[in-house]
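> Give me the fold of what follows.
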Amino acid sequence: MTAKPGLRSLAAVSYTNLSLSSPPKPLSRSRSHSLIHSPPKPISTPNAHHLFDKTPHRDPFEYTRLLFHYTRNDRNHDAISLFVAASRAGLPVNGPVLSSVAKACGSLRDQVVGRQVHCQCVKSGLGEDVSVGTSFVDMYMKSSEGVVEGRKVFDEMRERNVVSWTSLISGYAWNGWNEQALELFMEMQASGSMANPFTYVAVLGVLADEGSVGKGEQVHCMVVRNGYVAITFVCNSLVNMYFKSGMVSEARAVFDGMECRDEVTWNTLIAGYVGNGLEFEAFEMFYLMGLAGVKFTQPVFVTVIKLCASYEELGFARQLHCRVLKSGLESHRNIETALLVAYSKCREMDDAFNMFSMMQDVKSVVTWTAMISGYLQNGGTEKGVKLFCEMSREGVRPNDFTYSAVIMAHPFISISQVHAQVIKTNHEKSPSVGTSLIDAYVKTGNIPEAEKVFQTIDEKDIVAWSAMLAGYAQIEDVVGAIKIFLQLTRKGVRPNEFTLSSIINACAGPSATVEQGKQFHACSIKLRLNNTLCLSSALVTMYAKMGNIESANEVFKRQGERDLVSWNSMISGYAQHGQGNKVLEVFEELRRRNLEIDGITFILIISACTHAGLVDEGKSRAGKLEKAMNLINSMPCTADAKVWRALLGACRVHRNLELGKLAAEKLISLQPQDSAAYVLLSNIYAAAGNWQERDKVRRLMNERKVKKQPGYSWIEVKNKTYTFLAGDVSHPLSNHIYSKLDELNNRLKDMGYQPDTDYVLHDVEEEHKAAFLYQHSERLAIAFGLIAKPPGSPIQILKNLRLVGSSSLEFCARIPICKACDSTN
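Here you go, the predicted structure:
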């Protein structure tokens, strides 16, 4: 027989691996029929294969029976070995034999041996048999590399049955060729072939992945019309299709109408509810499943244990653990990992580690990652890093999720070293790994490296874009942030509330203008995201920092719901504007709602009361430092850097050297590279006249390479921001600015104004101290505002550092032609 064109190429493939001297002869039709239809006899499998090899007169009948036994019991390697031995012995083959061997090759995903068997099939003249051809279609479609060849075999089949069509449709679906699967299904219908239940299952699976509700309903009608609605596994596919399309009530209707339900039915229902965010309904169905007497299976346990992890239901997780042990399913890897994660989420790390330690065989990367993530999320960063190193020693290669988790372990692990390993293992283009690296570099202030990582990510998701925007916002680079935002929109990526909150935070920086912030506010309204918690809180902060406390309050009042971040944003806004009474009003409302405050709320209240002169409320800034210390010690949360910085600032005001040293030590231990602790402590020594100790602190800063943040002020004129440092002469109008400043100082002297030089912390003469005050950045900004803005218009000055002592507010208050507003970051 002449092979068809598409098969000739396959026939040309060498079948050396099978070591066949010549193609075996086909069995006669009558003998073949008897082999297929004879009643099976018991086979002693352990020695059957060896007995066949030692038998001098080998019986084709027994050979075929043994081959069928192997394939039915998934002993596919034995089936292929037996086929090779029989072929060497010159035993004849028939269609069922080749179909069985093709099935074994398909189960093993062994395309090499499968092609060689196919060649034998063609040379033996058995390729025209519909069952044999279908078997080879199925074999090729089990692997993504064989899809094209599987379609060739199908196209060259002279005769096809419903199994042939279903094998090809299922293969397309298995390999994600959904469009081709649906086209073939329509072609099948046009050819007059009737779909069977397995065909509908394959098609419904494709429609579930595609979310094609309309076509799914049409297929549902076909299922009903053809009488397959009583078949359990078909209804299971219908339930799954409706759930994945978001049609919960339709899925439940199919479930309720089923005459017979199995474990898969219940698991599909429970998983469907979880996938649609209906977790409580999922718990209810699990309970009803138990009442119905249905045996809990591994997938059901995994789904419900994951629910326990999400809701931190420790008690229920322990009960499920007991049920797992009673069911004998404790050795299933997915269940073990789900329990490990559940204990981690419930902060029971000892139980989680016990689960990890008791796992048999080699632990998978999923298990290692779950344990590492559990430690990192529950404060066991050092243990998580040690486990990561142990994982590497065990030879387990990290995946995207492992790297994404361990990158967050800085400073217990070197970001650059992990980054190098990420590059070495080809994970640098992963969106999740890239985003974690960006976030880590941003938190350490290494924005250039974050930018490099951002550029290497192939398919940037919205999380990666938002992380990069957050980096620019952190360094107050509004130009860079806007550039990234424009790139994002050009690529058709829809911003979410986190993206917009990052760009709005950037617009609160000194180089931004009020109009820029308003434009992104308008964008958030257009996208209907302006009332989300994170975005509305960012708007409150942005308007407050830009001096528009009224707009900040309006946004705050319109918030539909508020968390502690929202309240802190409004309190911070009023504190920045020195409106201590307003701060206390918001704080009292917060307390009436029984929300637990954190360290940030605490520091904001202290700061606001200080600048408003509210003695009783602002304990530390009013000199009651011991009471402030007692309050810090009794706080429900551990005092963070912001709290110690506030106390240190209070010690600076009231010259409490002993408590100031304690606060400085605490602050330096938490943030060793933050200049605030060193500067405030040196200022305390300077205010006390202890210049020797002051110089020691400054030398310590130099040794540790800690740079002092310069104080600067900025003013917006005609939608452009101008920034000034103390003694700044970089502005083109510098001569005019200093001339205006001389004019103002002379007028103030005539009015009797005397600057308070106690807050000039330099060991110099009084006249030099006055000169220091004369060149403060905010005074230069005020002078420029008087030059550049129309007479009588308000002047708004913003600063990155808060003013204390001799404030320029006093300076401005004595100038009747000027209205100044001091806001700080």
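
> Please determine how far T513 is located from K526.
T513 is 20 Å from K526, where distance means CB to CB, to the nearest Å. Every residue, glycine included, has its C-beta placed from N, CA and C.

> Between these two, which is the more surrounded one?
Using other CB atoms under 10 Å as the criterion, T513 and K526 rank with T513 on top: 17 against 9.

> per-residue pLDDT, that one?
With respect to pLDDT, T513 scores 77.

> what's the answer for the one 5 residues further on, then?
The per-residue pLDDT reported for K518 equals 90.

> what about S551, how many neighbours?
20.

> surely it meets M542?
No. Using CB atoms under 8 Å, S551 is not in contact with M542; the gap is 9.1 Å.

> In a helix, K295, correct?
No. Residue state for K295 (DSSP: H, G, I helix; E, B strand; the rest coil) corresponds to coil; a helix is not indicated.

> Isn't it up against E263?
Yes. With contacts counted by CB under 8 Å, K295 reaches E263, the gap being 6.1 Å.

> of those two, who's got more company?
Between K295 and E263, counted using other CB under 10 Å, the more crowded position is E263 (15 against 11).

> now the more buried one, nearest residue through space, not along the chain?
Among residues not flanking E263 along the chain, T297 sits closest, at 4.5 Å (CB to CB, 6 or more residues apart in numbering).

> Wait, the one you found touches N267, no?
Yes. Taking CB under 8 Å as the definition, T297 is a contact partner of N267 at 6.4 Å.

> Now for these two: what residues contact both?
Taking CB atoms under 8 Å, 6 or more residues apart in numbering as the contact criterion, no residue touches both T297 and N267.

> Compare these two (neighbour count), which wins?
In this view T297 and N267 are compared by other CB under 10 Å, and N267 has more residues nearby, 24 against 18.

> got the contact list for L500?
Here L500 is in contact with F520, C523, S524, L527, L529, L535, A538 (criterion: CB under 8 Å, 6+ apart).

> ok, it to S524 distance?
The value you get for L500 to S524, if CB to CB is used, is 5 Å.

> list the residues that contact both of the two?
Common neighbours of L500 and S524 (CB under 8 Å, 6+ apart) are L535.

> Now do F602, the pLDDT please.
In this prediction, F602 has a pLDDT value of 69.

> same deal with I549?
So I549 comes in at 90 (pLDDT).

> got it, and the one 3 residues further on?
The confidence metric pLDDT takes the value 91 at A552.

> List phi and psi for it.
Backbone torsions of A552, given as degrees, to the nearest 10, read phi -60, psi -40.

> try R333
Dihedral angles for R333 - degrees, to the nearest 10 - are phi -60, psi -40.

> can you count the residues close to the closest residue to it other than its chain neighbours?
Leaving aside its chain neighbours, R333 sits nearest to S364 (6.6 Å; criterion: CB to CB, 6+ apart). Using other CB under 10 Å, S364 is surrounded by 15 other residues.

> in terms of contact, does S364 touch N334 like I think?
No. Using CB under 8 Å, S364 is not in contact with N334; the gap is 10.1 Å.

> Only C-alpha atoms, please: export stretch 485-494 in CSV.
The C-alpha trace of stretch 485-494 is given here as CSV (Å, rounded to 0.1, in the frame of the first residue of the first chain):
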residue,chain,number,x,y,z
PHE,A,485,1.9,57.7,33.6
LEU,A,486,1.7,58.9,30.0
GLN,A,487,3.5,55.8,28.8
LEU,A,488,1.0,53.7,30.7
THR,A,489,-2.0,55.3,29.0
ARG,A,490,-0.4,55.2,25.5
LYS,A,491,-0.1,51.4,25.9
GLY,A,492,-3.8,51.1,26.7
VAL,A,493,-3.3,50.1,30.3
ARG,A,494,-6.2,51.3,32.5
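
> pLDDT averaged over it - what is it?
Stretch 485-494 shows an average pLDDT of 89 in the prediction.

> And that stretch, what's buried?
F485, L488 (16 or more other CB atoms under 10 Å).

> Can you tell me what sits against it?
By CB under 8 Å, 6+ apart, stretch 485-494 touches K460, I462, W465, L469, P495, T499, I503, L527.

> quick one: the strands in this structure?
712-717, 720-725, 795-799, 820-824 (DSSP state E).

> How many neighbouring residues does A687 have?
Count around A687 with other CB under 10 Å applied: 20.

> Isn't it up against R652?
Yes. Taking contacts as CB under 8 Å, A687 lies within contact range of R652: 7.0 Å.

> ok so, going back, and the residue nearest to R333, what does it touch?
R333, T337, V396.

> Tell me the buried residues within the residues you listed.
Buried among the contacts of S364 by 16+ other CB under 10 Å: T337, V396.

> Can you lay out the contacts of S364 as TSV showing distance to V479 and pLDDT?
As requested, the contacts of S364 are exported to TSV (distance: CB to CB, whole Å; pLDDT from 0 to 100):
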residue	distance to V479	pLDDT
R333	50	86
T337	46	90
V396	44	89
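
> Let me know the closest of the contacts of S364 to G379.
The closest of the contacts of S364 to G379 turns out to be T337 (CB to CB; 21.5 Å).

> you'd agree that closest one is up against V366?
Yes. Assessed by CB under 8 Å, T337 is found in contact with V366 at 5.8 Å.

> What score does the residue nearest to R333 have for pLDDT?
pLDDT, S364: 88.

> For R558, the count of nearby residues, please.
11.

> who's in contact with it?
Counting by CB under 8 Å, 6+ apart, R558 has contacts N531, S536.

> One more pass at 7 Å, please.
By CB atoms under 7 Å, 6 or more residues apart in numbering, the contact set of R558 is N531.

> my guess is S373 contacts V406, does it?
No. With contact defined as CB atoms under 7 Å, S373 does not count as touching V406 (8.7 Å).

> what about the two, which has more around it?
Neighbour count, other CB under 10 Å: between S373 and V406, V406 has more, with 26 against 21.

> Setting aside sequence neighbours, what's the nearest residue to that one?
F388 (4.9 Å).

> surely the one you found meets I372?
Yes. Under the criterion of CB under 7 Å, F388 makes contact with I372 at 5.5 Å.

> Overlap in contacts, those two.
V406.

> So if I had to pick from these two, which one is more boxed in?
Comparing F388 with I372 by other CB under 10 Å, the one with more neighbours is I372, at 27 against 24.

> Model confidence for that one, exactly?
93.

> Which other helices and strands does the top helix by length along the chain contact?
Assignment by DSSP state H gives helix 734-750 as the longest helix of the chain. Secondary-structure packing of helix 734-750 (3 or more CB pairs under 7 Å, 6 or more residues apart in numbering; DSSP states H and E): helix 777-788.

> average pLDDT for the helix it packs on?
On average, helix 777-788 scores 84.

> Convert the C-alpha atoms of that helix to CSV, please.
Extracted C-alpha coordinates of helix 777-788, given in CSV (Å, rounded to 0.1, in the frame of the first residue of the first chain):
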residue,chain,number,x,y,z
SER,A,777,14.9,79.8,52.5
GLU,A,778,11.3,80.8,53.3
ARG,A,779,12.3,84.5,53.5
LEU,A,780,13.9,84.3,50.1
ALA,A,781,10.7,82.7,48.7
ILE,A,782,8.6,85.4,50.3
ALA,A,783,10.7,88.1,48.8
PHE,A,784,10.5,86.5,45.3
GLY,A,785,6.7,86.2,45.7
LEU,A,786,6.4,89.9,46.4
ILE,A,787,8.4,90.7,43.3
ALA,A,788,6.8,88.1,40.9
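
> hmm, who's touching that helix?
In contact with helix 777-788 (CB under 7 Å, 6+ apart) are residues 711-715, 717, 722, 724-726, 728, 731, 733, 736-737, 740-741, 744, 795, 797, 799, 808, 811-812, 818, 820.
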